[in-house]
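1. build me a model:
(chains A and B)
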Amino acid sequence: MEATRTTAEAVELCRRGQREGFRLLYELHANAVYSLALRYSGNEAAARDIAQEVFLKLFARIREFRGEARFESWLFRLVVNACMDERRRTRRLVALEEVEMRAVESPARAAQQAALSAAVQEAVLRLKPHLRMAILLRHMQGLSYDEMATAMGCGKGTVASRLNRAHQELAGLLGHLREAANDV
Amino acid sequence: MFNRHVAAKLSAYFDRELTAREATRVAAHLAGCSRCQAEAERVQTGMRLAASLRPAPAPADLWAQIESAREAQSAPRDSAWARPLAWITAALVITAVGFAAWYTALREPLTLQAMTSNASRLERRAWELHRERVQRGLTLGIETPDIAEVRKYVQSHAGLHASIPVQRVAEDARRLRIVGAKALDMNGIPTALLAYEVDGHPVTLLTARLQDLADGPEAALFAKDVRYRKDASTGLKTLTWGTAGQAYVMVSSLPRLGAEGCMVCHTDDQRRELIRNAERQVPGI
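-> Prediction:
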């Protein structure tokens, strides 16, 4: 609730053209925006470009946000569009063999979880773009299905369908890590 | 009684996003369907795997990068940044008078420098389109050697200027071939592609309004500031500049830095020589 109130304050400052408002909005949401961009694109340079594009658009369009929806839904709509645009521009491909070769071998729990996370990240990059975005919005950003529908510009049923397929495909790609996943 | 499988609803079921009625139906079906039970286990595995995804912190210098880009876009200034109006007016008048005198006497100079920053959106799009054009063929919006028709098309379909002189010099008849143009939408930004050939090399020129681009080139005022990239692996040369409110990206495999591609818009001998001289002065060319 505190973070939400602070976002509202930041938005109001931005609407009044106050520079501190833009900085505050950035500090509140930079990690989320960058994370989503990075996990979606798998590329740091692309993630920077996406994040820059999102924040520039956000600052330019802040007056369009009327507060009917949660700010994060609106923000993530910008991120989704920027990610899709980046994909259309570059069509980066992920080396497919990397997923099969990775194994969770470290005995230490923290290292095991890190290795699992890395394997899942690579598998997520193999998903089709719309499925990948659904996974990231749900599991990394914690959006509800309604919020995801707003961000992805589709219906709630489509969100459910995409998430379902994405979960099934992840299980197919990384079924050999099922036990490690159960320990998470 | 026909009991439809519920595999498609499993994620929503586990995420508690179904209505109470739907959730009850799914639960009842799962109790008696081994096929959907197997699917449920699969979906739950996928959900647990996805739950291990970790966010990544934004780079420490990302804000500085965004601020630079924002300032380059001439973001609205607040009252703390405003300069005295009289000073600005005087500076503009002096600048305008000086520029007019200088331009008529000396013609617009040109600087040609290597591009060191990440490729812009417009550049990446230009590469994509050029590759498509060369490797698979690109469907154009208009295919014609008629320059007047191409200019009209770019203006009417993309709202952009294509400042290509209709009157050509003699050498252009054997060296230059206009192929056509295509109006594009780059995620809501009107863009126009001009396809032509110089000495048999395909040249792709992509343009958009500077104000629409967050990462466009600097607009030329006193000198046309052209940035170049050479890709050793593909042989592609890219020239990027901004002028008269539009950004331009030219992609080709022409020799040296590809500046011969500039002949499409520059027919004056002096101007062509200025461009070639600028290219020759680049180290290594």
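
2. who in the stretch 101-250 of chain B is up against chain A?
-> Proximity of the stretch 101-250 of chain B to chain A is assessed by Cβ under 8 Å from any Cβ of the partner chain, with B:118, B:121, B:124-125, B:128, B:186-187, B:214-215 identified as the residues in range. In this view, the C-beta of every residue, glycine as well, is placed from N, C-alpha and C.

3. those residues in helices, which ones?
-> Restricting those to those inside helices, with DSSP state H as the criterion, leaves B:121, B:124-125, B:128.

4. just these now: which is nearest chain A?
-> Within those, the smallest distance to chain A is 4.5 Å, found for residue B:124 (Cβ to the nearest Cβ).

5. look up the closest residue to the closest one, ignoring the ones flanking it.
-> Of all residues beyond its chain neighbours, the one nearest residue B:124 is residue A:89 (4.5 Å), with distances taken as Cβ to Cβ, 6 or more residues apart in numbering or on different chains.

6. residues in contact with that neighbour?
-> When the contact criterion is Cβ atoms under 8 Å, 6 or more residues apart in numbering or on different chains, the partners of residue A:89 are B:121, B:124-125, B:128.

7. what does residue B:215 give?
-> Per Cβ under 8 Å, 6+ apart, neighbours of residue B:215: A:49, A:52-53, B:69, B:120-122.

8. then residue B:256?
-> Taking Cβ under 8 Å, 6+ apart as the contact definition, residue B:256 lies against B:237, B:279-280, B:282, B:285.

9. with residue B:25 instead?
-> Remark: with contacts taken as Cβ under 8 Å, 6+ apart, residue B:25 is in contact with residue B:6.

10. and what of residue B:70?
-> The contact partners of residue B:70, taken as Cβ under 8 Å, 6+ apart, are A:22, A:56, A:59.

11. surely the last one meets residue A:15?
-> No: using Cβ atoms under 8 Å, residue A:59 and residue A:15 do not qualify as a contacting pair, with a distance of 10.9 Å.

12. looking at these two, which has the bigger crowd around it?
-> When residue A:59 and residue A:15 are compared for neighbours, residue A:59 comes out ahead with 18 against 12, by other Cβ atoms under 10 Å in any protein chain shown.

13. in terms of helices and strands, where is the more buried one?
-> Following DSSP states H and E, the helix or strand that holds residue A:59 is helix A:44-61.

14. C-terminal to that helix, what's the next element?
-> Sequence order places helix A:71-90 as the next helix or strand after helix A:44-61, per DSSP H and E.

15. ok so, going back, which of the contacts of residue B:256 has the weakest pLDDT?
-> Scanning the contacts of residue B:256 for pLDDT, the smallest score is found at residue B:285, 70.

16. just give the closest residue to it, not the sequence neighbours.
-> Residue B:285's closest residue in space is residue B:256 (Cβ to Cβ, 6+ apart), at 5.0 Å.

17. doesn't that neighbour lie inside a helix?
-> No: with DSSP: H, G, I helix; E, B strand; the rest coil as the criterion, residue B:256 is assigned coil and is not in a helix.

18. which pLDDT value goes with it?
-> Checking the pLDDT column for residue B:256, the value is 90.

19. quick check, pLDDT for residue A:114.
-> Spelled out, the predicted local distance difference test score at residue A:114 is 78.

20. and the contacts of residue B:215 as TSV, adding distance to residue B:149 and neighbour count?
-> As requested, the contacts of residue B:215 are arranged in TSV below (distance: Cβ to Cβ, whole Å; neighbours: other Cβ atoms under 10 Å in any protein chain shown):
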residue	distance to residue B:149	neighbour count
A:49	36	26
A:52	38	24
A:53	35	25
B:69	37	17
B:120	29	20
B:121	28	24
B:122	24	25
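
21. what is the nearest of these to residue A:132?
-> Checking the contacts of residue B:215 against residue A:132 with Cβ to Cβ, the nearest one is residue A:49 at 17.6 Å.

22. how close does that closest one get to chain B?
-> Noted for residue A:49: a distance of 7 Å to chain B, by Cβ to the nearest Cβ, to the nearest Å.

23. low pLDDT regions in chain A?
-> Along chain A, the model assigns pLDDT under 70 to residues A:1-5, A:68-69, A:90-108, A:178-184.

24. find the closest residue to chain B in it.
-> Closest residue of chain A to chain B, Cβ to the nearest Cβ: residue A:167 (3.0 Å).

25. residues near that residue, how many?
-> By other Cβ under 10 Å, neighbour count at residue A:167 equals 29.

26. ok, the one 5 residues further on next?
-> Residues lying near residue A:172 (other Cβ under 10 Å) number 12.

27. with just CA atoms, put the host helix or strand of it into PDB.
-> For residue A:172, the enclosing helix or strand under DSSP H and E is helix A:156-174. The C-alpha trace of helix A:156-174 is given here as PDB (Å, rounded to 0.1, in the frame of the first residue of the first chain):
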ATOM      1  CA  LYS A 156      -8.700 -12.900 -19.800                       C
ATOM      2  CA  GLY A 157      -9.500 -16.200 -21.500                       C
ATOM      3  CA  THR A 158      -6.500 -15.700 -23.800                       C
ATOM      4  CA  VAL A 159      -4.300 -15.000 -20.800                       C
ATOM      5  CA  ALA A 160      -5.400 -18.200 -19.200                       C
ATOM      6  CA  SER A 161      -4.800 -20.200 -22.300                       C
ATOM      7  CA  ARG A 162      -1.400 -18.800 -22.900                       C
ATOM      8  CA  LEU A 163      -0.300 -19.400 -19.300                       C
ATOM      9  CA  ASN A 164      -1.600 -22.900 -19.500                       C
ATOM     10  CA  ARG A 165       0.400 -23.700 -22.600                       C
ATOM     11  CA  ALA A 166       3.500 -22.000 -21.300                       C
ATOM     12  CA  HIS A 167       3.300 -24.000 -18.100                       C
ATOM     13  CA  GLN A 168       2.900 -27.200 -20.100                       C
ATOM     14  CA  GLU A 169       5.800 -26.300 -22.400                       C
ATOM     15  CA  LEU A 170       8.100 -25.400 -19.500                       C
ATOM     16  CA  ALA A 171       7.300 -28.800 -17.900                       C
ATOM     17  CA  GLY A 172       8.100 -30.400 -21.200                       C
ATOM     18  CA  LEU A 173      11.400 -28.600 -21.500                       C
ATOM     19  CA  LEU A 174      12.600 -29.000 -17.900                       C
END
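
28. residues in contact with that helix?
-> Identification of contacts with helix A:156-174 by Cβ under 8 Å, 6+ apart yields A:99, A:119-120, A:123-124, A:126-127, A:130-132, A:134-135, A:138, A:145-146, A:148-149, A:152, A:178, A:181, B:7-12, B:15, B:17, B:39, B:42-47, B:49-50.

29. for that helix, which positions count as buried?
-> Under the neighbour-count criterion of 16 or more other Cβ atoms under 10 Å in any protein chain shown, helix A:156-174 has A:158-171, A:173-174 buried.

30. chain center to that helix, what's the gap?
-> Going by Cα atoms, centre = their mean, to the nearest Å, the spacing between the C-alpha centre of helix A:156-174 and its chain's C-alpha centre is 15 Å.
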